[in-house]
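Asker: Fold the stuff below for me.
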Amino acid sequence: MACTAGRRLATVLFTGIGASIQAHSIACPLIPITAPHEATAQFQHGLPVLELPGFPEHVTPGTALASTAPFVIEAITQAVALAQQGLVRGIVTNPIQKSALYAAGFQDPGHTEFLARLAGKPPSYSVMMLAVPGLRVIPLTIHVPLKAVPALITEQAIRHVTLIAHQELRDRFGIDRPRLAVAGLNPHAGEAGGIGQEEQSIIAPALATLKDEGIEISGPYPADTLFHEEARTHYDAVLCMYHDQALIPLKTIDFHRGVNITLGLPFVRTSPDHGTALNIAGQNRARPDSLIAAIHMAAEMTR
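Answerer: Sure thing, here's the model as predicted:
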């Protein structure tokens, strides 16, 4: 990212390890700062960095170590603290290697749940939304085995996720009356009960209640008809029943510019929609598209 990318981005903080950031930003030297407000003056000269004291001077790219995990956790914790204090308006988190964090005692399933807990919310409160230009998807269930999904599809869960998504689309994205489409769980959305009952017994009643409350929501639709170009013009976001139902179409449409957005937090949080890619770390091969998109998304949401 060019050093002159825009001063308003200085109000968005992104977490990451300095050495790995610097390896892909040769034209943007790292500039240590001691507080977020210093970033505005320094942004045109380089990438302002709030350094964590005690971080090892030498790390091996592509190697996940339990010894560096506490610094990853602390970077996220400090970012949330700065947001809660109103010193930054948004957070962009980089991918974390959860296996190394678990070895260091990390207890949460992932970034999203950890951020919710730091914000004083139950781990299941926040909602994951993923976006590329022209498509937003929201998985009702996230990182659970496929066989566990049906039991997690409840009217209460659908209501919770829908209400948060509806409000955030209004507040953060400026959509006055968000249009939400809902995918069915089973092939052909259950075929009127012939291929599963969840659509008739759970999903449809939940949607009827939400419609009565003024939410513009429709479905459940067969998932295989929801994501073609013409269909995407009829909604602002799709509520999907499970992880891959949401992410496969999104990544097929635009693999390199996906952004992970956490809804329901008292601050903006975005992230690249990819993992750590340890196998290419430090080789100057990773594409920055998703990180750039995440930074721009956070900036747009904090206007």
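
Asker: what ranges do the helices span in the stretch 101-250 of the chain?
Answerer: Counting by DSSP state H, counting those that start in this stretch, the stretch 101-250 of the chain forms helices over residues 111-118, 149-152, 155-171, 198, 204-212, 243-253, given from the N-terminal end onward.

Asker: Could you export the ones you listed as a markdown table, including mean pLDDT and distance to residue 82?
Answerer: C-beta coordinates here come from the backbone N, C-alpha and C atoms, glycine included. Rendered in a markdown table, the data for the helices of the stretch 101-250 of the chain read as follows (pLDDT from 0 to 100; distance: least, C-beta to C-beta, whole Å):
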| stretch | mean pLDDT | distance to residue 82 |
| --- | --- | --- |
| helix 111-118 | 89 | 11 |
| helix 149-152 | 98 | 33 |
| helix 155-171 | 98 | 21 |
| helix 198 | 97 | 42 |
| helix 204-212 | 98 | 35 |
| helix 243-253 | 97 | 30 |
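
Asker: would TSV of those with distance to residue 293 and mean neighbour count be doable?
Answerer: Putting the helices of the stretch 101-250 of the chain into TSV (distance: least, C-beta to C-beta, whole Å; neighbours: other C-beta atoms under 10 Å) gives the following:
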stretch	distance to residue 293	mean neighbour count
helix 111-118	17	21
helix 149-152	28	14
helix 155-171	18	18
helix 198	34	20
helix 204-212	30	15
helix 243-253	12	18
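
Asker: So for residue 278, which of these sits nearest?
Answerer: Residue 278 lies closest to helix 111-118 among these, at 16.8 Å (C-beta to C-beta).

Asker: Looking at the helices of the stretch 101-250 of the chain, which is nearest to residue 69?
Answerer: Between residue 69 and the helices of the stretch 101-250 of the chain, the tightest spacing by C-beta to C-beta is seen for helix 111-118, at 12.4 Å.

Asker: what's next to the closest one, contact-wise?
Answerer: Outside of helix 111-118, the residues within contact range by C-beta atoms under 8 Å, 6 or more residues apart in numbering are 76-77, 80, 91, 93, 96, 106, 108, 122-126, 128, 142, 262, 264-265, 269, 271.

Asker: ok, now with 7 Å
Answerer: Applying C-beta atoms under 7 Å, 6 or more residues apart in numbering, the set of residues contacting helix 111-118 from outside is 76-77, 80, 93, 96, 108, 122-123, 125-126, 128, 262, 265, 269, 271.

Asker: From those, which one has the minimum pLDDT?
Answerer: Least confident by pLDDT among the contacts of helix 111-118: that is residue 123, with 79.

Asker: Give the closest residue to that residue in space, chain neighbours not counted.
Answerer: Once flanking residues are discounted, residue 123 sits nearest to residue 113: 3.9 Å by C-beta to C-beta, 6 or more residues apart in numbering.

Asker: ok, the one you found to residue 121 distance?
Answerer: 9 Å (C-beta to C-beta, to the nearest Å).

Asker: how many neighbours does residue 103 have?
Answerer: Applying the criterion other C-beta atoms under 10 Å, we find 14 residues in the vicinity of residue 103.

Asker: when you give positions from now on, start the count at 25
Answerer: With the count now opening at 25, the last piece we talked about shows up as residue 127.

Asker: residues contacting it?
Answerer: With contact set as C-beta under 7 Å, 6+ apart, residue 127 has these partners: 90, 93.
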